[in-house]
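In: could you look at this predicted model? Sequence included:
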Amino acid sequence: MSYRVQKCGSRLGVAVGAAVMLLSFLQPAGAEEFVNTGYFGDVAIKGYDPVAYFTENQAVEGSETYSHHWLGATWYFASAENRDLFKGDPSKYAPQYGGYCADGVSFGTVTTNIDPKAWRIIDGKLYLSYDPGAAEGMEKNPTKVTDSKKHWSEVQQTLISEKMHTVWQQPATK
């Protein structure tokens with residue numbers, strides 16, 4: 001009987017060790033390492049130019065012609081100049097919370113669907129939301145920004161869990 005307990009304990013230890021290793025690979029080093037690419041594809045913020053929010057004060061569609069790969073996503077820009085500005089300092093221009101809805105994050109939830117035209121720059125940071133009303137709420141209610149910062153770590157854990165679930169559902173490759 002002691003052999004069976006020892007053998008099960010050994011299996012449990014291996015399983016826990018494997019889960020910890022998998023989590024370490026999926027765990028982001030920084031808050032910006034989760035990038036919202038929507039439900040399909042790998043294009044960040046639905047192809048809108050993150051730099052244009054700052055330089056043109058409006059949502060501007062980017063072009064595949066001026067694209068850059070960063071943090072596992074493809075980012076589109078309206079010009080080579082904007083792409084190069086982003087390359088020089090991506091965290092200055094990238095939306096907070098990887099482009100997930102900041103209003104949703106303020107409640108501790110993941111809202112993948114965003115409207116690139118529903119945005120605000122608050123204290124020099126870009127926040128995207130699912131609709132214009134939510135974006136306005138972020139601006140008018142400073143506690144929303146505070147709450148989103150507070151809840152981001154739990155939202156990241158949800159994203160990690162979803163990623164793990166997806167990885168575990170994929171068939172093993174040979």
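Out: Here it is on my side, so go on.

In: off-centre distance for the top helix by length along the chain?
Out: Of all segments of type helix in the chain, defined using DSSP state H, the longest is helix 142-169. A distance of 9 Å separates the centroid of the chain from that of helix 142-169, by Cα atoms, centre = their mean, to the nearest Å.

In: elements contacting that helix?
Out: Where contact means 3 or more Cβ pairs under 8 Å, 6 or more residues apart in numbering; DSSP states H and E, helix 142-169 is packed against helix 2-26, helix 102-106, helix 132-140. The C-beta positions use only the backbone N, C-alpha and C, and glycine is treated the same way.

In: and those helices, which one is worst for confidence?
Out: Of all the helices and strands packed on helix 142-169, the segment with the smallest mean pLDDT is helix 2-26, scoring a mean of 41.

In: only alpha carbons, please: show the next helix or strand after that one as CSV.
Out: For helix 2-26, the succeeding helix or strand toward the C-terminus, using DSSP states H and E, is helix 50-55. C-alpha atoms of helix 50-55 as CSV (Å, rounded to 0.1, in the frame of the first residue of the first chain):
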residue,chain,number,x,y,z
PRO,A,50,-2.1,53.2,-32.1
VAL,A,51,0.2,56.2,-32.8
ALA,A,52,-2.5,58.2,-34.6
TYR,A,53,-4.5,58.4,-31.4
PHE,A,54,-1.6,60.5,-30.0
THR,A,55,-0.4,62.4,-33.1
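
In: tell me the helices and strands packed up against the helix or strand following helix 50-55.
Out: Note on helix 50-55: by DSSP H and E, the next helix or strand toward the C-terminus is strand 63-70. With contacts taken as 3+ Cβ pairs under 8 Å, 6+ apart, strand 63-70 sits against strand 73-77, helix 80-88.

In: and these, which is most packed in?
Out: Neighbour counts (mean count of other Cβ atoms under 10 Å) averaged over each of those peak at strand 73-77, with a mean of 23.
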